[in-house]
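Novice: Quick one, what's the 3D model for this:
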Amino acid sequence: MLEERILSMKRLMTVVVFMIVCAAALKANSFTWTDTGTGFFASGTLNATNIGGGVYVANSGTGTATGSIFNGDSLTLWAGANNGSTQYSPSGLFYFDNLLFPNSYPVLDSGGLLFIGTTSGGDLNIWGNGPDSPYSTWTEVGGSYILTDNNSTFTLAPVLETGSFGTGSGPGSAAQAPEPSALVLLGSGLIALARKMKRKIAS
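Specialist: Here you go, the predicted structure:
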């Protein structure tokens with residue numbers, strides 16, 4: 001009888017560990033991104049916080065760029081107030097909000113993302129122009145606009161801790177990012193399973 005209970009507990013623990021691994025895999029708060037324009041390419045990663053309704057706010061990120069004044073420069077996301085509110089860039093030439101909409105098109109709104117070039121010190125602002133429209137990629141150095149591309153392609157893809165979740169294709173597309181409701185469903189199933197196992201052990 002004791003051996004059966006121990007075996008049941010081991011099975012339960014195996015299921016619990018599996019559920020925890022699945023829950024970790026559902027966290028898609030990291031993203032890869034690319035931005036391709038005329039004579040310009042940039043790519044990198046973003047870390048974001050889910051603020052509900054399928055909307056994320058990027059709070060940190062890095063990248064590299066080739067072309068324009070940022071050629072070979074490292075990029076760092078300018079988080080600003082880090083709350084998704086509209087704010088101005090250090091140069092005062094751009095406004096941004098760092099909001100991500102990974103399950104929508106476009107994945108960036110008109111505020112978009114703001115990066116700062118590590119070497120150049122300039123601003124890089126990438127934003128969306130609405131459905132069925134390309135993105136805009138503008139740069140600034142020393143208070144002057146350097147690149148003004150209103151026909152760029154931006155992609156965003158959620159990344160799992162254990163590897164790639166998916167890839168975007170086409171202008172601004174993104175793979176589906178799991179919602180917190182999936183974790184609620186997972187937790188409910190785990191509780192129901194634990195109750196069932198407890199009843200079996202008790203009998």
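Novice: what about the residue lying closest to residue 143 once chain neighbours are set aside, how many residues close to it?
Specialist: Nearest residue to residue 143 in three dimensions, chain neighbours excluded: residue 91, at 6.1 Å (CB to CB, 6 or more residues apart in numbering). (Each C-beta comes from the backbone N, C-alpha and C, glycine too.) Neighbours of residue 91 under the rule other CB atoms under 10 Å: 18.
Novice: Residue 91 contacts residue 125, correct?
Specialist: No: taking contacts as CB atoms under 8 Å, residue 91 lies outside contact range of residue 125: 9.7 Å.
Novice: joint contacts of these two?
Specialist: The contact sets of residue 91 and residue 125 overlap at residue 140 (CB atoms under 8 Å, 6 or more residues apart in numbering).
Novice: Bridged to residue 95, which residues?
Specialist: residue 88 (DSSP bridges).
Novice: Just the pLDDT for it.
Specialist: Listed pLDDT for residue 95 reads 96.
Novice: Next, count neighbours for it.
Specialist: For residue 95, the neighbour count with other CB under 10 Å is 15.
Novice: what's near enough to touch it?
Specialist: Each residue near residue 95 by CB under 8 Å, 6+ apart is listed here: 86-89, 111.
Novice: Kindly reformat the residues you listed as TSV and extend each row with neighbour count.
Specialist: Formatted as TSV, these follow (neighbours: other CB atoms under 10 Å):
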residue	neighbour count
86	13
87	18
88	12
89	19
111	19
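Novice: between the residues you listed, which is nearest residue 41?
Specialist: Nearest to residue 41, judged by CB to CB, of those is residue 89 at 21.3 Å.
Novice: Run through the residues that contact residue 127.
Specialist: Applying CB under 8 Å, 6+ apart to residue 127 gives the contacts 96, 108-113, 135-136.
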